[in-house]
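Peer 1: one predicted model, sequence on top.
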Amino acid sequence: MAQFSDSLSHLNPSQRQAVEHVNGPLLVVAGAGSGKTRALTFRIANLVLSQRVDPENILAVTFTNKAAKEMKKRVEDLFAEQQSQSEFGKPLAALKEYEQTKLRSRIYKTITKDLWIGTFHSLCCRILRFDIEKYKDDSGRTWDKTFSIFDESDVMTIIKDIIINKLNLDEKKFEPRNIRYAISNAKNKAMSPAEVEQEQQNYRGRVIADVYTHYLNRLSENNALDFDDLILMPVKLFRQNEQVRAYWHKRFRHILVDEYQDTNRTQYDLLTMLTTNGKSPKQFDDWAHRSIFVVGDADQSIYSFRSADFTILMGFQQDFGDGREDADTESMVKLEENYRSTSNILELANTLIDNNTERIDKILKATRGEGERIYSYRADNEIDEAEFIVRQVETLLRRNPDLSYGKVAILYRTNAQSRVIEQVMVERQLPYRIVGGMRFYDRREIKDVLAYLRAIANPADTVSLLRVINTPKRKVGKTTVEALVRASLELGVPLWEILNDETSVKTLAGRSSKGVLAFAEVIKKYREQLTTMPASELAQGVLEDSGYLDDLKRQNTEEAENRFSNVQELYNAILQFEEENSGEDEDQSLVGFLAGAALASDMDDSSEDDNRISMMTLHASKGLEFPVVFLVGLEQGLFPSFRSLDDPSAIEEERRLCYVGITRAQERLFISHACERRLYGNREIATPSLFLDEMPENLLESNTVRSRAKRWETSDISKPAAPKTKRSMPQGSGITDWVVGEKAVHDSFGVGQVTHVFGTGKKMCLAVKFPTAGQKILDPKLVPLRKVE
Ligand SMILES: Nc1ncnc2c1ncn2[C@@H]1O[C@H](COP(=O)(O)OP(=O)(O)OP(=O)(O)O)[C@@H](O)[C@H]1O
Ligand SMILES: [Mg+2]
């Protein structure tokens with residue numbers, strides 16, 4: 001019978017050493033395309049298939065959804081091949097199609113359910129779905145399992161609301177985006193609002209701390225987390241609760257991390273706590289049945305703006321390797337052969353990265369032939385650049401029958417660059433897809449549907465309720481919404497409690513109350529069926545009852561049709577989720593689906609095999625490879641970016657990004673720059689990138705003699721005018737007849753106590769708590785309310 005160890009012959013001796021090193025810590029460092037990810041996936045297969053490790057004991061982490069998907073696919077292939085040999089005695093390809101499908105679907109289950117392969121965010125989300133109820137933050141805030149995950153636009157909505165409406169600040173002086181950035185930074189450094197204030201010691205620091213506090217409250221009131229919390233919270237929970245930590249430590253006996261150079265401190269803390277159960281790695285003495293295996297390349301560290309720190313990679317051996325008494329094996333393996341690129345491409349990459357000073361020299365030898373020279377194109381402008389790409393793709397495909405659109409990638413520095421290229425591709429009818437660009441889950445209609453579902457699943461999620469309270473239009477105006485929100489804030493109860501009470505809604509919403517009540521009715525109806533109705537049925541029901549689908553149909557425009565088919569695609573995703581989780585003890589609930597959706601990226605990824613040109617930013621291209629690569633926009637101020645121009649270490653990071661881009665190419669690499677470019681609305685003369693200057697002439701072929709780079713002096717990127725500051729709600733100062741604490745008699749509800757007085761004079765309303773009917777908001781001018789003497 002074939003053994004998995006036979007497959008190890010597809011590895012070189014160093015890779016094999018890495019794969020077969022079973023317990024203890026191991027670091028694999030190596031340049032691009034040297035088979036790090038391959039070693040990691042083989043190692044997973046080897047642990048399960050040769051070492052008989054239970055898949056549940058394995059955790060493999062990486063940074064992007066696309067990379068995680070790729071990793072799952074590679075592991076699935078290895079498992080399938082092995083299973084086919086041992087069950088049928090022949091290779092997978094020799095099986096009948098239905099046998100292959102059956103085998104693969106069985107393996108797919110193991111890989112997605114037992115084996116944890118995913119991004120840091122998805123891993124943490126899964127942990128929190130088990131244990132979040134055991135967590136309490138420093139101010140006693142708590143969350144429950146139905147938590148929502150707020151994305152960047154939800155977060156900005158909250159921050160803006162706090163700055164403008166809550167604190168009445170000028171958003172021009174305190175730009176929401178900057179404040180958001182400061183808060184995220186503080187969170188990642190585990191700083192509390194008080195510590196932020198202390199550190200800055202000025203008015204701005206006080207404002208940030210203030211917004212930060214309100215923001216934290218708002219998240220917990222909504223039973224929601226942001227992306228920073230997803231990783232921080234498990235770390236804090238592990239510090240707080242030894243039992244929880246010990247459970248996960250025991251479970252993940254083998255931890256594997258790809259792209260380790262991009263870990264930040266929090267992620268490092270999480271990994272260490274899982275590995276050593278809170279002990280310092282040096283003191284940890286139970287390596288007999290566990291391992292931590294990390295692979296990375298410091299030259300590909302490109303996420304310092306998200307606090308990634310490649311010194312963590314460099315410190316691995318010191319942290320985990322040295323000083324261990326049972327360190328009988330080496331704790332580091334180097335891989336020195338590149339299997340991906342032609343030697344011309346590799347030499348270009350190696351020469352470029354050699355200009356960085358903050359690096360450790362390493363060897364990366366080519367194993368493939370010289371290949372063709374790199375073609376460098378100087379375009380007149382961005383349109384000419386796009387036309388060049390399209391022309392080249394057409395020619396390459398005509399001349400080379402083995403090539404197809406799916407083997408071509410276009411990489412750029414910023415998302416904005418894609419538009420012109422897309423336009424030309426559409427004109428020339430070339431199929432393409434944007435990888436990780438406008439995410440499926442960021443589209444308006446998808447966010448609307450998810451908001452409905454989140455509002456149903458999580459009663460505290462006010463942000464979602466507000467998103468759809470008037471979508472489709474139900475004649476619920478801004479004033480009504482403000483009145484409802486104000487009441488919930490003043491009473492300190494979730495908005496839902498107000499919406500769920502007919503009397504209160506009628507009082508506050510007046511003529512709009514019909515729309516509000518209809519909306520609340522739908523949410524209520526499905527909330528009652530949350531645990532009994534399958535997620536797909538629930539989604540369909542809510543979309544029909546809310547009028548959302550009808551509204552799209554009625555619009556009868558191409559755009560609405562598009563949106564309609566996206567909504568259908570989401571429905572398909574829910575069905576798929578249910579199928580994948582159809583086992584007895586599996587989570588098929590709406591809450592389970594929503595957690596996955598919050599973390600998913602581009603749904604286009606699912607059609608992996610389709611034959612389209614891939615377009616993406618350089619950041620999104622990490623870990624991937626393509627036979628043909630176009631690296632565009634090599635201009636000063638664009639790549640390297642203008643922000644990095646006066647900062648040597650930022651330039652080094654841009655250079656690493658360029659290194660990542662070049663090393664994605666297997667056979668052919670095209671690089672281009674334009675002499676003039678319109679970007680962010682301004683037409684600018686562009687100067688070739690300094691990186692072009694650093695590339696050896698003998699490797700390049702070009703449509704022009706290159707001129708030496710001149711620095712791009714200025715970059716006047718004007719910001720769009722900020723919207724006008726909203727006025728805060730007027731505060732009356734009249735005297736009311738009613739005071740808090742007074743008793744009131746209502747014809748139907750009986751005797752109650754006034755708990756709150758809203759507004760004054762004609763606008764006055766009361767919140768009254770009745771022993772049987774609960775809290776109601778009432779307008780004493782409209783309903784008979786008597787005082788009790
Ligand atoms: N020993 C080997 N023999 C033949 N091909 C190999 C070998 N190791 C890796 N490869 C191939 O080389 C290519 C690069 O491998 P892989 O993606 O694992 O590299 P990597 O080091 O992870 O690259 P990156 O740094 O870009 O993430 C892949 O196509 C892989 O299948
Ligand atoms: Mg890799």
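Peer 2: Nice, I can see it. Ligands and ions are numbered 1, 2, ... in the order given.

Peer 1: pick out the residue of this protein closest to ligand 1.
Peer 2: As assessed by Cβ to the nearest ligand atom, ligand 1 sits closest to residue 35 within the chain, at 2.7 Å. Just so you know, the C-beta spots here come from the backbone N, C-alpha and C atoms, and that holds for glycine as well.

Peer 1: list the contacts of that residue.
Peer 2: Residues in contact with residue 35, defined by Cβ atoms under 8 Å, 6 or more residues apart in numbering, are 11, 12, 15, 335, 337, 339.

Peer 1: neighbours of the fifth one, how many?
Peer 2: Number of residues near residue 337 (other Cβ atoms under 10 Å) recorded here: 18.

Peer 1: I'd assumed residue 365 was in contact with it.
Peer 2: Yes: in this structure residue 337 lies within contact range of residue 365 using Cβ atoms under 8 Å: 5.4 Å.

Peer 1: can you list residues touching both of the two?
Peer 2: By Cβ under 8 Å, 6+ apart, no residue touches both residue 337 and residue 365.

Peer 1: in the stretch 401-550 of the chain, which spans are strands?
Peer 2: Taking DSSP state E, counting those that start in this stretch as the criterion, the stretch 401-550 of the chain contains strands spanning 408-412, 432-434.

Peer 1: lowest average pLDDT across those strands?
Peer 2: Per-stretch mean pLDDT for these is lowest at strand 432-434 (a mean of 86).

Peer 1: residues in contact with it?
Peer 2: 405, 410, 418, 422, 425, 602, 604, 610, 612-616.

Peer 1: turn the buried ones among those into a named PyMOL selection, would you?
Peer 2: Buried residues among the contacts of strand 432-434 (16 or more other Cβ atoms under 10 Å), as a PyMOL selection:
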select buried, resi 405+410+418+422+425+602+604+612+613+614+615+616
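
Peer 1: quick one: name the residues of the chain near ligand 2.
Peer 2: Contact residues (Cβ under 5 Å from the ion) of the chain with ligand 2: 36, 37, 623.

Peer 1: in helices, which of those residues fall?
Peer 2: Using DSSP state H, 36, 37 are the members of the residues of the chain next to ligand 2 that sit in helices.

Peer 1: ok, the residues of the chain next to ligand 2 vs residue 569, which is closest?
Peer 2: Within these, proximity to residue 569 (Cβ to Cβ) peaks at residue 623, which comes in at 26.3 Å.

Peer 1: now the stretch 351-500 of the chain against ligand 2: closest residue?
Peer 2: Residue nearest to ligand 2 within the stretch 351-500 of the chain: residue 364 (13.6 Å; Cβ to the ion).

Peer 1: okay, now the residue nearest to residue 496 when sequence neighbours are not counted: neighbour count?
Peer 2: Nearest non-adjacent residue to residue 496, counting by Cβ to Cβ, 6 or more residues apart in numbering: residue 459, 5.0 Å away. Burial of residue 459 is recorded as 19 neighbouring residues (other Cβ under 10 Å).

Peer 1: tell me the confidence at the residue of the chain closest to ligand 1?
Peer 2: If you check residue 35, the pLDDT there is 95.
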